[in-house]
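Enquirer: need a structure here:
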Amino acid sequence: MTGRPAAWVAAFVVGAGTLGIAQKVIGPEEFDRAMKTVGAALEAAEEALGSASYGDAKTPLALSRQVLASTRPEWEANGVPDAVRMNREAVAALDALDRVLSAATVDPAAATAAYDNVTRACDACHAAYREGDPETGYRIRSAPR
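Expert: Numbers count the residues shown, from 1 in each chain. Now for the predicted structure:
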């Protein structure tokens with residue numbers, strides 16, 4: 001990637017560390033690292049998509065998908081079925097975007113629409129389960145059970 005290689009490298013290193021330690025996220029600190037990894041990887045993918053570098057977008061999207069999927073057991077363990085459903089929907093949106101980007105000829109409008117579906121899926125979960133925090137910027141909202 002040409003524009004933000006440092007952000008991509010940082011996302012990859014954090015993501016690899018998260019996944020190297022465990023295949024599923026356990027605990028709030030690991031969850032926080034995972035979400036930051038997903039965010040940084042999605043930023044790198046968005047930049048690649050914006051410059052029509054569709055092949056370059058696939059790697060950070062794959063990282064996003066893998067790390068996001070690794071957070072599902074944390075929601076399951078905490079008994080939050082709505083968040084589990086939202087996680088599955090976001091992972092499915094990432095899979096759909098990957099399919100669009102895997103076409104022999106990528107349709108830019110379809111790629112944009114698929115990326116928008118990913119951000120909508122992320123935003124829906126954030127609206128329900130994330131709140132502002134003066135120290136860290138955000139934290140997981142206590143979920144109703």
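Enquirer: ranges for the strands of the protein?
Expert: Secondary structure of the chain, counting by DSSP state E: strands at 130-131, 139-140.
Enquirer: Could I get the buried residue list for stretch 126-143?
Expert: By neighbour count, and taking 16 or more other C-beta atoms under 10 Å as the criterion, the buried residues in stretch 126-143 are 129, 130, 140. (Each C-beta comes from the backbone N, C-alpha and C, glycine too.)
Enquirer: now the last one, nearest residue through space, not along the chain?
Expert: So that's residue 140. On the basis of C-beta to C-beta, 6 or more residues apart in numbering, the spatially nearest residue to residue 140 that is not a chain neighbour turns out to be residue 129, at 5.9 Å.
Enquirer: Tell me where the chain has helices.
Expert: Shown for the chain, the helices assigned by DSSP state H span residues 5-21, 28-50, 54-70, 72-77, 81-101, 108-129.
Enquirer: Any idea which of those gets closest to residue 135?
Expert: Residue 135 lies closest to helix 28-50 among the helices of the chain, at 11.8 Å (C-beta to C-beta).
Enquirer: quick one: the spatially closest residue to residue 42 that is not a sequence neighbour from residue 105, how far?
Expert: Spatial nearest neighbour of residue 42, chain neighbours left out: residue 64 (5.4 Å); criterion: C-beta to C-beta, 6+ apart. Using C-beta to C-beta, to the nearest Å, one gets 24 Å for the distance from residue 64 to residue 105.
Enquirer: Could you check which of the two is surrounded by more residues?
Expert: Comparing residue 64 with residue 105 by other C-beta atoms under 10 Å, the one with more neighbours is residue 64, at 27 against 5.
Enquirer: Relative to residue 45, how far out is the more buried one?
Expert: Here the criterion is C-beta to C-beta. By it, residue 64 lies 7 Å from residue 45.
Enquirer: pLDDT value on the residue nearest to residue 42, please?
Expert: You'll see residue 64 listed with a pLDDT of 97.
Enquirer: Go ahead and confirm it touches residue 41.
Expert: Yes. Between residue 64 and residue 41 there is a contact at 4.3 Å, judged by C-beta atoms under 8 Å.
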